[in-house]
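1. Okay, sequence plus prediction incoming.
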Amino acid sequence: DQQVKQNSPSLSVQEGRISILNCDYTNSMFDYFLWYKKYPAEGPTFLISISSIKDKNEDGRFTVFLNKSAKHLSLHIVPSQPGDSAVYFCAASTGNQFYFGTGTSLTVIP
Amino acid sequence: NAGVMQNPRHLVRRRGQEARLRCSPMKGHSHVYWYRQLPEEGLKFMVYLQKENIIDESGMPKERFSAEFPKEGPSILRIQQVVRGDSAAYFCASSPRPASQVTGELFFGEGSRLTVL
């Protein structure tokens, strides 16, 4: 059972434009949400997180939005840069486990 | 490099052999998590350990897989009698606090890629 879903396996965006990556979840008990970035042959690295008591968190070019009623999470990257090209995983936590989505491969075209 | 260290980075085994993957958490971290990434899939939770204790192994296959995190030394994920379906990237992560208190990130290693021939 996939409790965290990323329905878009890939996304291509022009440099300088906005990248929007989406994530849906099913478990209303999740209390923390995170985004990770992964380059090939490397481990995931933390990008940004948000608590369930908030609906927005911003860190430089990265903003995460949480819509609890829709059980939907999104990551906005603006402006997108070629170095942002990577696989992005959303994750949600409750208790002892972090549940990860299947990832969205972002390509930023120069 | 004070990050999470995993070895070996690449491991090739024949069917029926044993695979041992090691993970040294970041300095000061006593909580370790193992994840598996199958081709074209996301990261799947396997097990969460503290020093000398398995806290949550709900993601571990019931047979052939085991994990430990001894008082001294790295955490070890052991796969006995490997099959081709075990071929995957195995990632270890660590945190300084229990999972329920983690309000930030998990720190991941670079992964160990197991190939079963």
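-> Arrived safely.
2. and the longest strand along chain A, anywhere near chain B?
-> Longest strand in chain A by number of residues, with DSSP state E as the criterion: strand A:86-94. Yes - if you take C-beta under 8 Å from any C-beta of the partner chain as the test, strand A:86-94 does meet chain B, through A:89, A:91, A:93. Every C-beta, even on glycine, is put in place using the N, C-alpha and C of the backbone.
3. burial of the second one, as a residue count?
-> Residue crowding around residue A:91 was assessed by other C-beta atoms under 10 Å in any protein chain shown; the count is 27.
4. what do you get for the last one?
-> Counted with other C-beta under 10 Å, residues neighbouring residue A:93 total 22.
5. so how many other residues sit close to the residue lying closest to it once chain neighbours are set aside?
-> Computed as C-beta to C-beta, 6 or more residues apart in numbering or on different chains, the closest residue to residue A:93 that is not its neighbour in sequence is residue A:32, at 4.6 Å. By other C-beta under 10 Å, the residues close to residue A:32 number 18.
6. Read off the pLDDT value for residue A:32.
-> pLDDT, residue A:32: 90.
7. Below-threshold pLDDT in chain A: ranges please.
-> For chain A, the stretches with pLDDT under 70 are A:1.
8. can you list the residues of it near chain B?
-> Where chain A comes near chain B, counting by C-beta under 8 Å from any C-beta, the residues are A:2, A:4, A:6, A:32, A:34, A:36, A:41-46, A:49, A:51, A:89, A:91, A:93, A:95-103.
9. quick one on the thing from earlier: so the residue nearest to residue A:93 makes contact with residue A:48?
-> No - the criterion here is C-beta atoms under 8 Å, and residue A:32 misses it with residue A:48 at 11.8 Å.
10. can you pull out the strands in the chain?
-> Going with chain A. Assigned by DSSP E, the strands in chain A fall at A:4-5, A:10-14, A:19-25, A:32-38, A:45-51, A:56-59, A:62-67, A:72-77, A:86-94, A:97-100, A:104-109.
11. ah, I was thinking of chain B
-> Listed in chain order, the strands of chain B (DSSP E) span B:5-7, B:10-13, B:19-24, B:31-37, B:43-50, B:53-56, B:65-68, B:75-79, B:88-95, B:107-108, B:112-116.
12. got a list of what the closest residue to chain B within chain A touches?
-> Nearest to chain B in chain A, going by C-beta to the nearest C-beta, is residue A:46, at a distance of 3.1 Å. For residue A:46, the residues meeting the contact criterion (C-beta atoms under 8 Å, 6 or more residues apart in numbering or on different chains) are A:34-36, B:104-107.
13. Can you say which of those are buried?
-> Among the contacts of residue A:46, those classed as buried by 16 or more other C-beta atoms under 10 Å in any protein chain shown are A:34-36, B:105-107.
14. beta partners of the residue nearest to residue A:93?
-> residue A:51, residue A:93 (DSSP bridges).
15. Then residue A:38?
-> residue A:87.
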